[in-house]
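In: Model the structure of this input:
(2 chains)
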Amino acid sequence: MSRTTTLLRSAPWACALWAAIALAPAPASAKTEIHFWHAMTGQLGDATNELVKQFNEGQSEYVVKPLRKGSYPETLTAAIAAYRQKQAPHVVQVFEVGTQTMLLSGAVLPVYQLMKEQEIAVEWKDFIAPVVGYYSKDGNLYSMPFNSSTPIFYYNKEAFQKAGLDPSKPPQTWKQVEEYSKKVIASGVAKCGFSTGWPSWTMVENMHAWHDQPFATKRDGFEGLDVQLLINKEFGVMHLGRLAAWQKDNVYSYGGRAGTADPKFVNGECAMYIQSSALIGGFTRGVKFQWGTGQLPFWGPPYNKATSIIGGATLWVMKGKPAAENRGTAKFLKFLSESNQQMWWHVTTGYLAISNTAVKNLEAGYHFKKFPDQFTAFAQLTKGKATPNSQGLRLGNFVQIRDVIEAEMENIFAGKKAAKQGLDDAVAKSNEILKEFAAANKR
Amino acid sequence: MQRTVFRNRWLPYLLVFPQVAVTVLFFFWPALKSLQLSLYRVSPFGDRTSFVGLENFTKLLGDPEYYQSVVNSFVFAGGVTLLSVAGSLVMAALATQKIRGLSVYRTLLLWPYGIAPAVAGIIFLFIFHPTYGVLPYFLSFITAYEFNWLLKGWVAMALVVTATSWTHLGYNIAFYVAGLLAIPGAVLEAADVDGAGPLRRFTAIVFPLISPITFYLVVLNMVFAFFESFGVIDAVTKGGPGDATMIMVYKLYKDGFIGLNLGSSGAQSVILMALVIGLTMLQFKYAEKKVTYR
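Out: Okay, the predicted model is just below:
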C-alpha cells in the first residue's frame, strides 16, 4: 500500500525530472539560435553549410542552425506544418513558384520590414533588378534572394566541330538552332539537336519573357489575383508548334520534367541543351567534352527581345519570433547579401550574384574573362531591355500550374494534341486553379 | 463449433482494446478528419478556412481530369492485380516442384517483397530509362519502335504496372506456395490414377482448392494498388507523361501536398476510400460465391 502511494506521489516528480532533462539546453551556450530550413542537396548543400559556418564563426551572439528538409515542396510543406504548430523556423527557403503563396500567407515578416525594424542598412538599389523584381511588392523586397539562376543555352563544342560548325559561335536564333541541329544529326555526331530541362520554365515561361510576350493577365499576375494565362496566343502556339514538329525529326528531343533530360546532353546524345545557369558548376566537373554557353535563342522579328526571367529560391522570414531573435535573422540575411559572400556563392555554385557590386568585383577580378560561361546569365538578365513582361511571374498555386503546362506539353510533343489545343486546355485548367487560389485567399 | 466463454467480463474487452485503439487512432480519426477537411476551403497556411459544403466534391465530379485519374487507377490496379497474382501463381507452381535447390529458389523469390516501392521504382527507372537505360538499348537492336515512356503514355503505364507487380510478387508467392503445399497428395494421386493430365489436375483440383487464397490475394493486391503504389509512381513517372499515370492516390498527394489545396485533397481521399470500400464489398458479395473454403 505504502509503496503504491510513494509511486503515485513520485510520478509527477519523475515526469518533471525527465522533462527537465529533455528540455535542458545543450551545454549552456548563451548564443541565440536561428533555425534555417533549406532544400539544398549535394554540392549546393555543402556550399550552404559553408556560408552558415562562416557566419557563425564571424560573430559570437548568434548561431544559425541549418537543416535540410527535403525537396523544395517538402521544405515548404514542412514549414507550413511547423507554422501551424507554432514551431516555425526563423528562415525558410522557398522556391520561386511559391512566392505568391508566401506573400499572401500572412505568416511572414517581409525582409525590407525586418531590416527597417532592426535598423540594418541594406543597399537595395544595388541589387540586380530582374532578381529583386521577382520577389518585391510595391517596390519593397519581401524575401531575400538566395539561389537565383536563369536558363541559358549550352552546346557541345566537339560535336559542333565534327559537324563542320564553328565551335566558338553558338546559334543566336531558333532558325540557326534548327539548321545546326540538322547538320549535327546529318553528320552523325549526335542523335538529336537539342533538349531542355524544366520544360515549362525554359520553353514557356522564359520564352514568353525573352520575346516580350505576356504570360498572364494583370501584368503576369503582379497586379491582382483574378489572373488568366495568355500562353495560348499566337507566340505560344507558334513556339510549341515548332517544338512539336522538331520532336518528330529529332531536332528537338523531349527529355522529361525537372532535370531528367540532363543525361541527354551529358552523354552527348543531343548537341545542344537549354537549362539553368546553375548547372555550370556541375557540368564543369561532370561533362567529358568541351562545351560552351550562349544566350537563349531568339525568334527575331516581329518579336522584341527583352530579358529572361529567373528561377531558384529565396529566404523567407517567418513572423512571430521575438525581436532579439529577429535581430540574428536580419544579421544573417545581411551577411548573405554582402558582396564577398555573393561572389563566393556565385563562383562556387554557379548561381547568380545578386548585387551589382559583386558583379563589378567579379569583372574587376577577371573572373568572367577566365570563365566567360559564368557571364552568360548576367548578360541575359542585365544587358537586355527589362519590360513588364520580363519581370517575373506571380501566380498562385504555380506549382500545380507548372504541372498542368508540362502535362499538356507532353501531350503536344507526343502528337496527341495540336499545339493550340494543348495550350487551350492548359490555360483552361490553369485558370480554374487560379480561381481556386483567389477564392482561398480572399480576405 | 466450440463457444469460448470468458469468466471475467472485462477480459475480452481488454484483449480487443489494442486493436480497436489502433484502428480508431490510425483509421477512423484520420478518416473523419479528411471528411471534415473535404467540406472546407483551406488556405495553405491554415489561417483562413471557409465552409464550402459539397463544392470540393462537385468540382471534382465536373472535372474530366479527375475521371481520367479514376480510369487510370482502375487500369493500374487491374493490371497490377492480374499480373502479380497470375505471375505469382505460375512461379509458386514452379517453386513447389521437386527440384534440387528448391529452398534457395523459394528464398530468392521472396526477395522482391523486401524492397521498398520507391527503390523498386528507381531500379526500373535505371533499367528502362530511354536515355541511359539498359533495356531500351537492347530493344533498339530488335525493333525501331521507341519505347519512350517520357512521351508515350501506354509505355509509362506498362512500366509502373510491371514495377509495382514485381514488388508484390514475393508476398503473393509466399501465400501460394503455402497453399499449394497444403493440398493433400492423396487427392492429386487419385486424379492421376483416374488419368487426369497435369493441366486437368490443375484446373479441376488445385485451382479450386486454392481459390480462397486467390480471392484473398486479389482483394489485397487491388487495395494495395489503389493506396500504396505511391512510391513507384513518384519515383518513376510522377503521373506523366501528360496525365497518363496519374492515379487517384497520386493526384490526391499532388493536389494536397504540392498544390496545397487541402480541401480538394480531402474530398479526393473520401471518394477514394468510398470507392475501395465499395469495390471490396462487391468482391465479397459476388466473387466470393465462387470460392470454396475447406
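
In: CA only for contacts and neighbour counts going forward, please
Out: OK.

In: tell me which parts of chain B are close to chain A?
Out: For chain B, the residues in contact with chain A (CA under 8 Å from any CA of the partner chain) are B:41-49, B:131-132, B:150-152, B:240-243, B:255, B:257-260.

In: Up against chain B, what does chain A have?
Out: A:73-74, A:77, A:80-81, A:83-84, A:101, A:105, A:107, A:254-256, A:263-264, A:397, A:399-400, A:406-411, A:413-414, A:440-441.

In: Checking residue A:154 next. Helix, strand or coil?
Out: Following DSSP: H, G, I helix; E, B strand; the rest coil, the label given to residue A:154 is strand.

In: Is it in contact with residue A:296, as I believe?
Out: No: using CA atoms under 8 Å, residue A:154 is not in contact with residue A:296; the gap is 9.1 Å.

In: Spit out the residues that contact the two alike.
Out: Common neighbours of residue A:154 and residue A:296 are listed as residue A:274 (criterion: CA atoms under 8 Å, 6 or more residues apart in numbering or on different chains).

In: okay, now the residue in the stretch 151-294 of chain B positioned nearest to chain A: neighbour count?
Out: Ranked by CA to the nearest CA, the top residue of the stretch 151-294 of chain B for proximity to chain A is residue B:242, at 3.8 Å. Residues lying near residue B:242 (other CA atoms under 10 Å in any protein chain shown) number 24.

In: Let me know whether it touches residue A:413 as I believe.
Out: No: checked against CA under 8 Å, the pair residue B:242 and residue A:413 is beyond contact range at 9.8 Å.

In: Can you pull the residues that touch both of these two?
Out: residue B:151.

In: Tell me where chain B has strands.
Out: Secondary structure of chain B, counting by DSSP state E: strands at B:40-42, B:49-51.

In: Pass me the low-pLDDT residue ranges in the stretch 1-150 of chain B, would you?
Out: Counting by pLDDT under 70, the stretch 1-150 of chain B shows low-confidence ranges at B:1-3.

In: ok, now chain A?
Out: For chain A, applying pLDDT under 70 flags the ranges A:1-29, A:443.

In: Tell me how many other residues crowd the one residue in the stretch 151-300 of chain A that gets nearest to chain B.
Out: Of all residues in the stretch 151-300 of chain A, the one sitting closest to chain B is residue A:256 (5.7 Å; CA to the nearest CA). Close neighbours of residue A:256, defined as other CA under 10 Å, add up to 22.

In: which ones are touching the closest residue to it other than its chain neighbours?
Out: Closest residue to residue A:256 apart from its sequence neighbours, by CA to CA, 6 or more residues apart in numbering or on different chains: residue B:150 at 5.7 Å. Counting by CA under 8 Å, 6+ apart, residue B:150 makes contact with A:254-256, B:130, B:156, B:237, B:240-241.

In: and these, which of them are in helices?
Out: Counted as lying in helices by DSSP state H, out of the contacts of residue B:150, are residue B:156.

In: any idea which of the contacts of residue B:150 is closest to residue B:92?
Out: Ranked by distance to residue B:92 (CA to CA), the contacts of residue B:150 are led by residue B:156 at 28.0 Å.

In: Pretty sure the closest one sits against residue B:149.
Out: Yes: Residue B:156 lies in contact with residue B:149 (CA under 8 Å); the separation is 4.5 Å.

In: what touches both of those two?
Out: Residues within reach of residue B:156 and of residue B:149 at once, by CA under 8 Å, 6+ apart, are residue B:241.

In: quick one: terminal-to-terminal distance for stretch A:61-79?
Out: One end of stretch A:61-79 sits 25 Å from the other (CA to CA, to the nearest Å).

In: Now that stretch: buried residues?
Out: By neighbour count on 16 or more other CA atoms under 10 Å in any protein chain shown, the buried set for stretch A:61-79 is A:62-70, A:72-79.

In: Contacts for it, please.
Out: A:30-41, A:49, A:52, A:55-56, A:88-89, A:92-95, A:328, A:332, B:257-258.

In: Report the distance from that stretch to the chain centre.
Out: Remark: stretch A:61-79 is offset 16 Å from the chain centroid, using CA atoms, centre = their mean, to the nearest Å.

In: Check stretch A:245-255 too.
Out: The answer for stretch A:245-255 is 26 Å, by CA atoms, centre = their mean.

In: got the contact list for that stretch?
Out: A:178, A:181-182, A:185, A:191-197, A:243, A:261-262, A:264, A:270, A:413, B:150-151.

In: Now which of the residues you listed would you call buried?
Out: Buried subset of the contacts of stretch A:245-255 (neighbour count, 16+ other CA under 10 Å): A:178, A:181-182, A:185, A:191-197, A:243, A:261-262, A:264, A:270, A:413, B:150-151.

In: Okay, domains of chain A per the record?
Out: Structural domains of chain A, as assigned by automatic domain parsing, span the residue ranges A:32-149+A:311-364, A:151-308+A:391-440.

In: residues in contact with residue 269?
Out: In the absence of a named chain, this looks at chain A. Per CA under 8 Å, 6+ apart, neighbours of residue A:269: A:190-192.

In: Can you look at chain B instead?
Out: Here residue B:269 is in contact with B:34, B:249, B:252 (CA under 8 Å, 6+ apart).

In: picking up where we left off before, most tightly packed of the strands of chain B?
Out: The highest mean neighbour count among the strands of chain B, using mean count of other CA atoms under 10 Å in any protein chain shown, belongs to strand B:40-42: a mean of 24.

In: Report the strands that pair with that strand, each with its relative direction.
Out: Here strand B:40-42 has these sheet partners by DSSP bridges: strand B:49-51 (antiparallel).

In: ok, residue A:46 - how many residues close by?
Out: 12.

In: Wait, a helix at it?
Out: Yes: according to three-state DSSP, residue A:46 belongs to a helix.

In: separation between it and residue B:164?
Out: As judged by CA to CA, residue A:46 and residue B:164 stand 35 Å apart.

In: try residue A:88
Out: 37 Å.

In: And residue B:178, by the same measure?
Out: With the distance defined as CA to CA, residue B:178 ends up 23 Å from residue B:164.

In: where do the strands sit along the stretch 1-150 of chain A?
Out: Counting by DSSP state E, counting those that start in this stretch, the segments of the stretch 1-150 of chain A that form strands are A:32-38, A:62-68, A:91-95, A:108-109, A:136-137, A:140-141, A:144-149.

In: who wins for proximity to residue B:209 among these?
Out: strand A:62-68 (53.8 Å).

In: Show me what the closest one pairs with in its sheet, parallel or antiparallel.
Out: When pairing is defined by DSSP bridges, strand A:62-68 lines up against strand A:32-38 (parallel).

In: Mind listing what's buried along the partner strand?
Out: Residues A:33-38 are the ones in strand A:32-38 that count as buried (16+ other CA under 10 Å).

In: give me the number of residues near the residue nearest to residue A:155 when sequence neighbours are not counted?
Out: Once flanking residues are discounted, residue A:155 sits nearest to residue A:272: 4.3 Å by CA to CA, 6+ apart. Counted with other CA under 10 Å, the neighbours of residue A:272 add up to 34.

In: now residue B:141
Out: A count of nearby residues for residue B:141, using other CA under 10 Å, gives 8.

In: so can I have CSV of the buried residues of strand A:32-38 showing distance to residue A:428?
Out: Output for the buried residues of strand A:32-38, formatted as CSV (distance: CA to CA, whole Å):
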residue, distance to residue A:428
A:33, 47
A:34, 43
A:35, 41
A:36, 38
A:37, 35
A:38, 34
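
In: now, among the residues you listed, which is nearest to residue B:79?
Out: residue A:38 (39.4 Å).

In: What's opposite the closest one in the beta bridge?
Out: Residue A:38 has these beta-bridge partners by DSSP bridges: residue A:68.

In: mind checking how far it is from residue B:279?
Out: Residue A:38 sits 42 Å away from residue B:279, taking CA to CA as the criterion.

In: Repeat that for residue A:393.
Out: 44 Å.

In: Looking at these two, which is more packed in?
Out: Using other CA under 10 Å as the criterion, residue A:393 and residue B:279 rank with residue A:393 on top: 27 against 15.

In: Roughly how far does the more buried one sit from chain B?
Out: 17 Å (CA to the nearest CA, to the nearest Å).
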